[in-house]
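Below is the sequence, then the predicted model.
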Amino acid sequence: QKEVEQNSGPLSVPEGAIASLNCTYSDRGSQSFFWYRQYSGKSPELIMSIYSNGDKEDGRFTAQLNKASQYVSLLIRDSQPSDSATYLCAVQAGGSARQLTFGSGTQLTVLP
Amino acid sequence: DGGITQSPKYLFRKEGQNVTLSCEQNLNHDAMYWYRQDPGQGLRLIYYSQIVNDFQKGDIAEGYSVSREKKESFPLTVTSAQKNPTAFYLCASGDTGFGETQYFGPGTRLLVL
């Protein structure tokens, strides 16, 4: 059974701080990793994808991947109240299987 | 406008009734997916299709059925065999291949009367 675990939260940070969201996965053959943001009552929207070890930056967001430790994280710099949402980590296996396995999400609240 | 549409936004099911959720995409994606989300939980895969006229069961397919007669459309039927259908249903699509990114529709919320 492929598993994706996220720190359950909820996580609260003050406005302007760095929010750190973590995710571990069990399938060592996983090759693609995604972070989605989901506002309450809405569908998930893609924030970042990462495929290689190291850091990938996009604006205020940085995804970090360590395949040896089976760990992927998302850093949000200069957090804003509009970043308050649930963040879902999703992992895609290699080979012909394209489906994603999702974690249960981390609820982030950015306090003004 | 390119995107994924789902209808209806809300759906009410009576006991013993089959209901069908619509999903349409105009992104020219080969693959389409159906997920279920329960409160406070992540998404669980119900069915997926990587090509027209072919589909595979996901982790929780019991009580559900799908069809893929057109590339653009992937309807999901929630049958009377699904005893706990109340959930948020999300359709997604993506290109097949390495690093395929999935994009989600707005979702359908199914409630049981």
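Sure, I can see it. Residues are numbered from 1 along each chain as shown, chains lettered A, B, ... in the order given.

In which helix or strand does the residue nearest in space to the middle of chain B reside?
The structure's chain B has its C-alpha centroid closest to residue B:34; by C-alpha atoms, centre = their mean the separation is 2.9 Å. Here residue B:34 is covered by strand B:31-37, with elements defined by DSSP states H and E.

contact partners of that strand?
Residues external to strand B:31-37 that are found in contact with it (C-beta atoms under 8 Å, 6 or more residues apart in numbering or on different chains): A:98-99, A:102, B:21, B:23, B:25, B:43-50, B:58, B:60, B:64, B:66, B:68, B:74, B:76, B:87-96, B:100, B:102, B:107. Glycine gets a C-beta too; all of them are placed from N, C-alpha and C.

picking that back up, the residue nearest to the centre of chain B pairs with what?
On the basis of DSSP bridges, residue B:34 is bridged to residue B:47, residue B:91.

residues near the residue in chain A that chain B sits nearest to, how many?
Per C-beta to the nearest C-beta, the residue of chain A with the smallest distance to chain B is residue A:102, at 3.7 Å. Number of residues near residue A:102 (other C-beta atoms under 10 Å in any protein chain shown) recorded here: 22.

Contact partners for the residue in chain B that chain A sits nearest to?
In chain B, the residue found nearest to chain A is residue B:42; the distance is 3.7 Å by C-beta to the nearest C-beta. When the contact criterion is C-beta under 8 Å, 6+ apart, the partners of residue B:42 are A:4, A:88, A:102, A:103, A:104, A:105.

again, but for residue B:15
Contacts for residue B:15 were tallied using C-beta under 8 Å, 6+ apart; they are B:80, B:112, B:113.

Hmm, residue B:13 and the last one touching each other?
Spelled out, that is residue B:113. Yes - Residue B:113 lies in contact with residue B:13 (C-beta atoms under 8 Å); the separation is 6.8 Å.

Am I right that residue A:68 is in a helix?
No - inclusion of residue A:68 in a helix is not indicated when DSSP: H, G, I helix; E, B strand; the rest coil is applied; the result is coil.

Give me the number of neighbouring residues for residue B:72.
The number of residues packed near residue B:72 is 17, by other C-beta under 10 Å.

OK, contacts around it?
Each residue near residue B:72 by C-beta under 8 Å, 6+ apart is listed here: B:24, B:25, B:26.

Which of these ranks first by neighbour count?
Counting neighbours by other C-beta under 10 Å, the one among the contacts of residue B:72 with the most is residue B:25, which has 23 neighbours.

doesn't residue B:3 make contact with that residue?
Yes - with contacts counted by C-beta under 8 Å, residue B:25 reaches residue B:3, the gap being 7.2 Å.

Show me whatever sits in contact with both of those two.
In terms of C-beta under 8 Å, 6+ apart, residue B:25 and residue B:3 are both contacted by the residues residue B:105.

so after the lowest-mean-pLDDT helix or strand in chain A, what's the next helix or strand?
Within chain A, no helix or strand scores below strand A:100-102, which has a mean of 91 by mean pLDDT, DSSP states H and E. Downstream of strand A:100-102, the first helix or strand assigned by DSSP H and E is strand A:106-111.

tell me the mean pLDDT over that next one?
Per-residue pLDDT values across strand A:106-111 average out to 96.

quick one: that strand near chain B?
No - legend: contact between strand A:106-111 and chain B by C-beta under 8 Å from any C-beta of the partner chain is lacking; minimum distance shown is 8.7 Å.

Mind listing what's buried along that strand?
By neighbour count with 16 or more other C-beta atoms under 10 Å in any protein chain shown, strand A:106-111 contains the buried residues A:106, A:107, A:108, A:110.
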